[in-house]
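Peer 1: generate coordinates for the sequence data below:
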Amino acid sequence: ALGIQMNNIDTFNGFASAFEEAVEDDNWTRLEKYLADDATYLNVGGPDPKCEGRDAVVAFLKTDVANTDRRFDKRTLAALSSPVTEGDSLSRQWRCTYSLSEIPDLVVEGEARYLFENGLIKEIEEEVASDSMQKLGEWMEKYGDRLHV
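Peer 2: The predicted structure is shown next:
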């Protein structure tokens, strides 16, 4: 079982690296090899419906980055914990810092949860911490008009 968990961590790390590369160069096809055909993505507590299917998940991630990350000068993602594995599940706490010149950074924290099947990512759930959701709302109210279009 340890071998499977290590394999899942490798898959997760590969996916996370590929995601960061895609943020840089907008080539999202590199994520496909990490996702099961019937992969799903859900932003828990967010407004978006659950994405179903590999292509839908990749398309959503691309759009989400375009609508959020690219509207800031800089975004920095940090792991707050090592990936925690249990069976075919993996979770990790994260902090994302979004920066725009001359205004305070927006700092959002949350948890990512992954479920693996046959070495591929079957489900992704992202959940932003409730206090971060509140901070996000306050920040957008004050500074949302400063974001890049």
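
Peer 1: right, and Cys51 touches Tyr41 too?
Peer 2: Yes: using Cβ atoms under 8 Å, Cys51 makes contact with Tyr41 at a distance of 4.3 Å. Where you see a C-beta, it was placed from the backbone N, CA and C, and this is true even at glycine.

Peer 1: give me the common contacts of the two.
Peer 2: Common neighbours of Cys51 and Tyr41 are listed as Val57, Phe60 (criterion: Cβ atoms under 8 Å, 6 or more residues apart in numbering).

Peer 1: what segments of the chain are strands?
Peer 2: With DSSP state E, the ranges of strands along the chain come out as 35-44, 51-52, 74-79, 84-86, 89-99, 106-117, 120-128.

Peer 1: would you mind pulling the contact partners of the longest helix belonging to the chain?
Peer 2: Longest helix in the chain by number of residues (criterion: DSSP state H): helix 2-25. Under the contact criterion Cβ under 8 Å, 6+ apart, helix 2-25 has outside partners 27-28, 30-31, 34-35, 61-62, 65, 69, 75, 77, 83, 85, 88, 90, 92, 114, 116, 119-121.

Peer 1: next: stretch 57-76.
Peer 2: Contacts of stretch 57-76 (Cβ under 8 Å, 6+ apart): 19, 22-23, 26, 28-29, 31-32, 35, 39-41, 48, 51, 96-101, 106, 124, 147-149.

Peer 1: would you mind checking these for buried ones?
Peer 2: Neighbour counting with 16 or more other Cβ atoms under 10 Å marks 19, 22-23, 28, 31, 35, 39-41, 51, 96, 98, 100, 106, 124 as buried within these.

Peer 1: picking that back up, avg pLDDT for the longest helix of the chain?
Peer 2: Averaged across helix 2-25, the pLDDT comes to 91.

Peer 1: next, the buried residues of that helix.
Peer 2: Neighbour-count burial for helix 2-25, counted by 16+ other Cβ under 10 Å, picks out Gln5, Asn8, Ile9, Thr11, Phe12, Phe15, Ala16, Ala18, Phe19, Ala22, Val23.

Peer 1: neighbours of the residue lying closest to Ser82 once chain neighbours are set aside, how many?
Peer 2: Excluding the flanking residues, the one nearest Ser82 by Cβ to Cβ, 6 or more residues apart in numbering is Arg92, at 7.3 Å. Per other Cβ atoms under 10 Å, the neighbour tally for Arg92 reads 18.
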